[in-house]
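Engineer: Below: sequence and its predicted model.
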Amino acid sequence: MRRPGEYRASLILAGALAGSAMLAGCTAGEPRHESHYWNAREDQAYRAYLHEQHLQYREFRTLSHERQEDYWNWRARHPENPS
């Protein structure tokens, strides 16, 4: 028969493993744009996105987080834009 301390150690270990798995899963949703530099080419791509979405130009940094993420998702689907 096991002592209560052995169960406690097992629960702590299981919790630590589950916690680290959850934290590792969080990075899967991290933005893919960290390696992008905002230069003339990125600005052209952003303007192409605005044109395609029928949106007026606004400086990218003034957009809402949701709109920025929408752009980066679009950008991931259009890696060669502009040529």
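Structural biologist: That came through, no problem. Residues are numbered from 1 along each chain as shown.
Engineer: Give me the below-cutoff pLDDT ranges for the chain.
Structural biologist: Under the criterion pLDDT under 70, the flagged ranges of the chain are 1-7, 9-11, 13-36, 81-83.
Engineer: Tell me how it divides into domains.
Structural biologist: Using automatic domain parsing, the domains assigned to the chain come out as 1-30, 38-83.
Engineer: burial measure for residue 46, as a count.
Structural biologist: Residue 46 has 21 neighbouring residues, counting by other Cβ atoms under 10 Å. For every residue, glycine as well, the C-beta is placed using N, CA and C.
Engineer: for residue 66, same thing?
Structural biologist: Per other Cβ under 10 Å, the neighbour tally for residue 66 reads 8.
Engineer: mind listing what it touches?
Structural biologist: By Cβ atoms under 8 Å, 6 or more residues apart in numbering, the contact list for residue 66 is empty.
Engineer: What helix or strand is it located in?
Structural biologist: helix 65-77 (DSSP states H and E).
Engineer: got the buried residues for that helix?
Structural biologist: Judged by neighbour count using 16 or more other Cβ atoms under 10 Å, the buried positions of helix 65-77 are 71, 74, 75.
Engineer: ok, the last one to residue 49 distance?
Structural biologist: Yep, that's residue 75 we're talking about. 7 Å (Cβ to Cβ, to the nearest Å).
Engineer: Same check on residue 66?
Structural biologist: Distance from residue 66 to residue 49, by Cβ to Cβ: 14 Å.
Engineer: Check residue 70 too.
Structural biologist: Here residue 70 is placed at a distance of 9 Å from residue 49 (Cβ to Cβ).
Engineer: Test my guess that residue 75 contacts residue 48.
Structural biologist: No. Residue 75 lies out of contact with residue 48 (Cβ atoms under 8 Å); the separation is 9.6 Å.
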